[in-house]
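1. with the input below, show me the fold.
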Amino acid sequence: MSDFEAPNRLDRIEVLAIRNTEAIAALTTKIDNLTDNVNDLTNNVDRVLSRSAVLDDVLLELRDSQEQQQRNFDEHQRHFDEHQRTTNAALNSLEAILLQLIRIFPQS
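-> Residues are numbered from 1 along each chain as shown. Have a look, this model is predicted:
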């Protein structure tokens, strides 16, 4: 047999084993990179969900605060309207009293 003969079966198996080992190493690297990417994505999702929960709480507090402010405004508006009515009634009474006084004590 010469050195230029076709590789024997054992040589072919060895070449295949080396190729498989290299392919497995490349796949392992890709899996490691994918795992890192998934972990980064998971961390980002966790941060987004945490921030979303905080924002949801803030929105609920803002809505509650806005509703309370609306109730306060409505109450102040009722008080203002009542004050306006009583003030107008008092002015009308004073006007009537003034007219009576003018009739009773006309100016010369």
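2. near residue 61, how many other residues are there?
-> Residues near residue 61, counting by other Cβ atoms under 10 Å, number 10. Where C-beta positions appear, they are placed from N, C-alpha and C, glycine not excepted.
3. secondary structure element for it?
-> Assigned by DSSP states H and E, residue 61 belongs to helix 9-104.
4. average pLDDT for that helix?
-> Throughout helix 9-104, pLDDT has a mean value of 97.
5. list the residues that contact residue 53.
-> If you count contacts by Cβ atoms under 8 Å, 6 or more residues apart in numbering, residue 53 has none.
6. against residue 47, how distant is it?
-> Look at residue 53 and residue 47: by Cβ to Cβ, to the nearest Å, they are 11 Å apart.
7. geometric centre of the protein: which residue is closest?
-> By Cα atoms, centre = their mean, the chain has its centre lying nearest to residue 55, at 3.4 Å.
8. and that one, how far is that from residue 12?
-> 63 Å.
9. check residue 99 too.
-> For residue 99, the distance to residue 12 equals 126 Å [Cβ to Cβ].
10. ok, residue 54 next?
-> Residue 54 sits 62 Å away from residue 12, going by Cβ to Cβ.
11. ok, now residue 105?
-> Distance, residue 105 to residue 12, by Cβ to Cβ: 134 Å.
12. who has more neighbours out of those two?
-> More neighbours surround residue 12 than the other of residue 105 and residue 12, with 11 against 8 (other Cβ under 10 Å).
13. need the contact list for that one.
-> Contact analysis of residue 12 by Cβ under 8 Å, 6+ apart lists nothing.
14. do you know how far it is from residue 22?
-> 16 Å.
15. send the alpha carbons of stretch 57-67 over as CSV?
-> This file holds the C-alpha atoms of stretch 57-67, laid out as CSV (Å, rounded to 0.1, in the frame of the first residue of the first chain):
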residue,chain,number,x,y,z
ASP,A,57,-49.9,52.1,40.6
VAL,A,58,-49.2,55.7,39.8
LEU,A,59,-52.0,55.9,37.3
LEU,A,60,-54.4,54.4,39.9
GLU,A,61,-53.3,57.0,42.5
LEU,A,62,-53.6,59.8,39.9
ARG,A,63,-57.1,58.7,39.0
ASP,A,64,-58.1,58.5,42.7
SER,A,65,-56.6,61.9,43.3
GLN,A,66,-58.4,63.3,40.3
GLU,A,67,-61.7,61.9,41.5
